[in-house]
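> Quick one: sequence plus predicted model below, questions after.
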Number of protein chains: 4
Amino acid sequence: MAGGKIDWQRRVAAEALGSFFLFAGVIGSGVMGEQLAAGNVAVALLANTIATGAILYVLIAALGPVSGAHFNPAVTLAFALRREIGWRLAAGYVAVQVAAGALGAWAVHLMFDLPILQFSTKARTGIGQWSGELVATFGLVFTILALLRVRPAAIPAAVGLYITSAYWFTSSTSFANPAISVVRSLSNTFAGIAPGDVPGFVVAQLAGAVLAVIVAGWLYPSTDEPDRGA
Amino acid sequence: MAGGKIDWQRRVAAEALGSFFLFAGVIGSGVMGEQLAAGNVAVALLANTIATGAILYVLIAALGPVSGAHFNPAVTLAFALRREIGWRLAAGYVAVQVAAGALGAWAVHLMFDLPILQFSTKARTGIGQWSGELVATFGLVFTILALLRVRPAAIPAAVGLYITSAYWFTSSTSFANPAISVVRSLSNTFAGIAPGDVPGFVVAQLAGAVLAVIVAGWLYPSTDEPDRGA
Amino acid sequence: MAGGKIDWQRRVAAEALGSFFLFAGVIGSGVMGEQLAAGNVAVALLANTIATGAILYVLIAALGPVSGAHFNPAVTLAFALRREIGWRLAAGYVAVQVAAGALGAWAVHLMFDLPILQFSTKARTGIGQWSGELVATFGLVFTILALLRVRPAAIPAAVGLYITSAYWFTSSTSFANPAISVVRSLSNTFAGIAPGDVPGFVVAQLAGAVLAVIVAGWLYPSTDEPDRGA
Amino acid sequence: MAGGKIDWQRRVAAEALGSFFLFAGVIGSGVMGEQLAAGNVAVALLANTIATGAILYVLIAALGPVSGAHFNPAVTLAFALRREIGWRLAAGYVAVQVAAGALGAWAVHLMFDLPILQFSTKARTGIGQWSGELVATFGLVFTILALLRVRPAAIPAAVGLYITSAYWFTSSTSFANPAISVVRSLSNTFAGIAPGDVPGFVVAQLAGAVLAVIVAGWLYPSTDEPDRGA
């Protein structure tokens, strides 16, 4: 989405800022939801869902024109495969997505008076969970690639609403993002995932992203794309 | 909505992909909602509602320009009656709506570690339920036909929000879609319907759709329609 | 909003159709919410809120270009005071708002297997409730008049979101509509109001509407209004 | 956002009207949520969140073209630092934000039959809360400044959704506004804050706002801004 005229420092900084707020939004709203929901996990997840969908809209609308607003290595991989971002810059994106995202998790721990450094013990594994992540990430990347072609201005709303829905219809609550999978292992709270279960999630996510690149590439042939940036 | 220049393979594939995700979204969020809501059915239905409305926006925005984003035989029938889609292509649409939608239901069962093949035992029948489906489908098809004339860009949001509302104000929670009625009979979960109750729903839905074609045809006379495709 | 070229039959029919669905939406979602919420009134009102806000967006987007999408005598009064609708047509609007709205309430009773004819016994009276209706209706009419001047395309979303909010921040849950006040007295359900309490609500609502006409008339002086119809 | 041609009386009146409704919305929905939520604080906060996000959209869309729709001394400070509003008018804005906001709180007490004059006893203090306010206000002001540059028409939705999210991911539920911090100390209800804890909140908020001015100033260099008003 971002024009080639923006220097790489600003692009990487935008990825860092967005990942910080996105990951803080996901993890922080999980903490707040669980603390207040009096044991009704559906209410906690509803709060988590609404907060996540809402912050996605804001961050993509604000930072999309600077960096493309990936905040997600699966998305960065998709754009790299489509040669819409160079591999070198892509690597920088992924590095700050994880690093700034981890700062976001730690900021949540600071805000909620929790130990800064911690690891999740929540098991998330098995065929059901992995197929959930494959479906979730396929849908996310497909949504982005499709709308970039037919209605780019709707991407902030569409990504926010896609995740809003996918939190509920996938068994894994739709992490759909390798960086957030890593960072959520650093928080033993509602949104956490045991570190040992992260690799399974990441493999399923990357497979979903590659599949989406293939399907979207066929369904939306590239003759007159309205936007090519990022 | 889709231009005549898009080949039928892509149009049918878009219907299939959209029906897969829509039906997975409806059924999957029902499973998740019921599992987490600790017996508060309103909270489960709220989650089901939000997930369904959100995915409708995404799928219609992304796939509307390819296939028209029907995902629903009642909608396809309405466009066929208005001669905006040929009967042959319409039949293909309906076939993949049911088939790919069933795959969506089964994908949910896989993701949530449930038996893949199952049938619902949930009774949904009687005058109250049928009048609910008639009202619900009339409103859905009317919304689409009206906005196609006065504000086509608002269709993704309007359809998502219409269903969001109709889940609550109709006694039947607004299936409003013969294909999803069939597919929901294949899932003995929150969103299910006993197979024997499907025909009553389908008749009411098709009646509502035909009524909407008549009323919308009178209320929005076709002189200067901004969009005629699909 | 509607152009003068649309014949009065279609305009009145659009008011009727919209009032039917709006009032069915408000009352029906109240019934469903209360039935499912297991005694948590906040959850029931949340469902009622979301369903009402969502259907308002849909109906105003679809029917606004035909009739102006008032569905509310307080709004019709405001436009009549501003001479943007004739008093004769205004009277017709108000008549069908009440009549078709009552049909909406009775359709809900049919759908939910309740006695068709009934009267509410829910007391809603006193200074707190009346000041709630005054604030609520002032805000609603002001929102419409302001946006008609500065951003007409945002009216469907703004009205839906205004009511979404006002359901919660006014003590009376923001009826803000004399026709719906009358019709809600015909339903002894969640959204009901005892018939004897309706006049107090209507007086407060009309006072709020007149006040909004005055304030909006001063704050947005009429030099270059983008839209004058309805 | 507002053009320089609008006289200061209307601008200040718009700030007053918006602050009245915003603060009434925040406090009133907190009262209603707590009264109805049967002890489930997450449900109460969810209602509070939705009502606040929704009214923000409405007020910014309606009043932004008149006054810029600050309703918040931290936002007014940011625009004053960027020399987009004079210090004299800025002082007037802040004065009416507090004064009209207090009227909003008292209107809520009137509507809900509570004593008009009261003070909150709810403790909100400590490093966790202050860091919450710093993060929350940084994000709010950054969102506004960024979107003013890249997508001004999205500001009403983005601010509403930012606060929707920040209510949940910050430990302090994101007051993010010195005027509302003062006014919420005047209401011993769900949204209240003990008067003695207000200064800590205000300092953190102003620090967040200044930081956002610096970061946004670097990330969005001012060459071709689409909007310079307010």
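Right, received. Where do you want to start?

> residue in chain A nearest to chain C?
residue A:43 (8.6 Å; CB to the nearest CB). Glycine gets a C-beta too; all of them are placed from N, C-alpha and C.

> So that residue sits against residue D:43, correct?
Yes - here residue A:43 reaches residue D:43: they are 6.1 Å apart, a contact under CB atoms under 8 Å.

> give me the element the closest residue to chain D within chain A is part of.
Residue nearest to chain D within chain A (CB to the nearest CB): residue A:28, separated by 3.1 Å. Assigned by DSSP states H and E, residue A:28 belongs to helix A:8-36.

> what's the average pLDDT for that helix?
Helix A:8-36 shows a mean pLDDT of 98.

> What's the first helix or strand after that helix?
Next in sequence after helix A:8-36, counting helices and strands by DSSP H and E, comes helix A:41-67.

> just the angle between that next one and helix A:8-36, please?
With axes from the mean of the first three to the mean of the last three CA atoms, to 10 degrees applied, the angle from helix A:41-67 to helix A:8-36 works out at 170 degrees.

> ok, and what's touching whatever helix or strand comes next after helix A:41-67?
Using DSSP H and E, the helix or strand that follows helix A:41-67 towards the C-terminus is helix A:73-81. Residues from elsewhere that reach helix A:73-81 (CB atoms under 8 Å, 6 or more residues apart in numbering or on different chains): A:68, A:70, A:85-87, A:90, A:93-94, A:97-98, A:137, A:140-141, A:144-145, A:176-179, A:205-206, A:208-210, A:212-213, A:230.

> Filter these down to just the buried residues.
By neighbour count, with 16 or more other CB atoms under 10 Å in any protein chain shown, the contacts of helix A:73-81 hold A:68, A:70, A:85, A:90, A:93-94, A:97-98, A:137, A:140-141, A:144-145, A:176-179, A:205-206, A:208-210, A:212-213, A:230 as buried.

> Of those residues, which belong to helices?
Of the positions in those, A:90, A:93-94, A:97-98, A:137, A:140-141, A:144-145, A:178-179, A:205-206, A:208-210, A:212-213 sit in helices, assigned by DSSP state H.

> Pull the contacting residues for residue A:216.
With CB under 8 Å, 6+ apart, residue A:216 has these contacts: A:141, A:142, A:145, A:146, A:149.

> Touching, the third one and residue A:212? I think so.
Yes - contact status for residue A:145 versus residue A:212: in contact at 6.5 Å, counting by CB under 8 Å.

> contacting residues for residue A:174?
If you count contacts by CB under 8 Å, 6+ apart, residue A:174 has them with A:132, A:133, A:136, A:140, A:163, A:166, A:167.

> and those as a markdown table, adding pLDDT?
Output for the contacts of residue A:174, formatted as a markdown table (pLDDT from 0 to 100):
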| residue | pLDDT |
| --- | --- |
| A:132 | 98 |
| A:133 | 98 |
| A:136 | 98 |
| A:140 | 98 |
| A:163 | 98 |
| A:166 | 98 |
| A:167 | 98 |
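
> Please list which of those also come close to chain B.
Among these, the residues within reach of chain B (CB under 8 Å from any CB of the partner chain) are A:132, A:166, A:167.

> Please identify the helix or strand for the second one.
It refers to residue A:166. Using DSSP H and E, residue A:166 sits in helix A:155-169.

> report the angle between the axes of that helix and helix A:73-81?
Going by the same axes, to 10 degrees, helix A:155-169 makes 130 degrees with helix A:73-81.

> Please tell me how far the closest residue to residue A:56 other than its chain neighbours sits from residue B:79.
Spatial nearest neighbour of residue A:56, chain neighbours left out: residue A:160 (4.0 Å); criterion: CB to CB, 6 or more residues apart in numbering or on different chains. Distance, residue A:160 to residue B:79, using CB to CB, to the nearest Å: 29 Å.

> How about residue A:201?
Note on residue A:201: its distance to residue B:79, by CB to CB, is 41 Å.

> more crowded one of those two?
residue A:201 (29 against 24; other CB atoms under 10 Å in any protein chain shown).

> Tell me if I'm right that that one and residue A:181 touch.
Yes - in this structure, residue A:201 is within contact of residue A:181 by CB under 8 Å, at 4.6 Å.

> anything in contact with each of those two?
Contact criterion CB under 8 Å, 6+ apart; residues bridging residue A:201 and residue A:181 by contacting each: A:175, A:193.
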